[in-house]
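> Got a predicted model here, sequence first, then my questions.
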Amino acid sequence: MIKTILMGSLLTVALVFAGQPAKAAWLCGPEQCVWVHHPVAAVPAFAATWGPPINARCFWRRGVFGRWRFVCP
């Protein structure tokens with residue numbers, strides 16, 4: 001009985017937090033974009049379609065010819 005109540009509570013908490021929008025976005029400078037865990041005032045149009053990185057150390061860097069490439073050390 002206690003396990004059922006505990007699992008129900010955990011499921012409720014998970015569903016409440018799953019419905020919350022993530023407060024994280026790409027923060028871009030002239031040469032590099034990094035993933036930050038706070039709201040960003042303006043995300044550039046080119047970065048709006050990028051999803052979250054696969055690793056916390058990953059970022060986007062502008063190349064020599066102006067194209068963005070994903071770097072994941």
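On my side now, so go ahead. These numbers were taken from a predicted model, which means no experiment stands behind them. Residues are numbered from 1 along each chain as shown.
> Quick check, pLDDT for Leu11.
Leu11 is assigned 45 on the pLDDT scale.
> Counting neighbours, what do you get for the nearest residue to Arg57 once chain neighbours are set aside?
Nearest residue to Arg57 in three dimensions, chain neighbours excluded: Pro73, at 5.6 Å (Cβ to Cβ, 6 or more residues apart in numbering). The way it works is simple: take the backbone N, C-alpha and C, and place the C-beta from them, glycine included. When counting by other Cβ atoms under 10 Å, one arrives at 6 neighbours for Pro73.
> How much space separates Pro73 from Ala48?
According to Cβ to Cβ, to the nearest Å, Pro73 stands 24 Å off from Ala48.
> Okay, strands next: where are they in the chain?
Using DSSP state E, the strands of the chain run over residues 25-28, 32-36, 59-62, 68-71.
> which residues sit against the longest one?
Contact partners of strand 32-36, identified using Cβ atoms under 8 Å, 6 or more residues apart in numbering, comprise 24-27, 47, 50, 52-53, 56, 58-62, 68.
> and that strand, what's its mean pLDDT?
Across strand 32-36, pLDDT averages out at 97.
> that older thread, rebuild the strands of the chain as a markdown table, extending it with mean neighbour count and distance to Ala42.
Below are those laid out as a markdown table (neighbours: other Cβ atoms under 10 Å; distance: least, Cβ to Cβ, whole Å):
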| stretch | mean neighbour count | distance to Ala42 |
| --- | --- | --- |
| strand 25-28 | 20 | 9 |
| strand 32-36 | 16 | 13 |
| strand 59-62 | 16 | 16 |
| strand 68-71 | 12 | 17 |
